[in-house]
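# no sequence for this one, just the structure:
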């Protein structure tokens, strides 16, 4: 439903109403008894951002498109605009089968040789279980 700005020509009372398109001509009546009329008003246009100095590189950012490109170029994002879901890497069926086969070969080799899994480079004791 569109939002209309309305005004009473008698008392000057202003209001905004939601009105179905089918009820376009059915404007409400003011408390003073006169019928409201529609007020033509400008659309709400968002102003461009004010220039600012980048916290990443120190360069001046002067517009919204430059701001978006700068963030993307430096792998940054605005708080609240981050994508909560990371897109999984899309692999072909052939790539998946090749990875699966490689893992099976590694596991089979370790089982045959009795080799323990290599500990990561972090300082973890030998008795720590990594899940």
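Nice, I can see it. Nothing here was measured: the structure is a model prediction, and the numbers come from that model.

# element containing residue 10, please.
Here residue 10 sits in a region with no helix or strand, counting by DSSP states H and E.

# just give me the neighbour total for the closest residue to it other than its chain neighbours.
Nearest in space to residue 10, with sequence neighbours left out and distances taken as C-beta to C-beta, 6 or more residues apart in numbering, is residue 34 at 4.1 Å. Placement of C-beta: from N, CA and C, glycine included. Using other C-beta atoms under 10 Å, the number of residues around residue 34 comes to 13.

# got a list of what residue 34 touches?
8-11 (C-beta atoms under 8 Å, 6 or more residues apart in numbering).

# distance of it from residue 49?
Here the criterion is C-beta to C-beta, to the nearest Å. By it, residue 34 lies 43 Å from residue 49.

# what does residue 40 give?
Taken as C-beta to C-beta, the span from residue 40 to residue 49 is 29 Å.

# neighbour count: these two, which is higher?
Counted by other C-beta under 10 Å, residue 40 and residue 49 do not tie: residue 49 has more neighbours, with 13 against 5.

# could you measure from the more buried one over to residue 78?
11 Å.

# without its sequence neighbours, what residue ends up closest to residue 62?
Distances taken as C-beta to C-beta, 6+ apart put residue 51 closest to residue 62, at 4.6 Å, once the chain neighbours are dropped.

# residue 66 is in contact with that neighbour, correct?
No: Residue 51 lies out of contact with residue 66 (C-beta atoms under 8 Å); the separation is 9.5 Å.

# of the two, who's got more company?
Neighbours were tallied for residue 51 and for residue 66 using other C-beta under 10 Å; the higher tally belongs to residue 66 (15 against 11).

# okay, buried residues for the helix or strand hosting that one please.
When elements are assigned from DSSP H and E, residue 66 belongs to helix 64-73. Judged by neighbour count using 16 or more other C-beta atoms under 10 Å, the buried positions of helix 64-73 are 67, 71.

# ok, residues contacting that helix?
Contacting residues not belonging to helix 64-73 are listed as 48-49, 54, 56-57, 59, 61, 76-78 [C-beta under 8 Å, 6+ apart].
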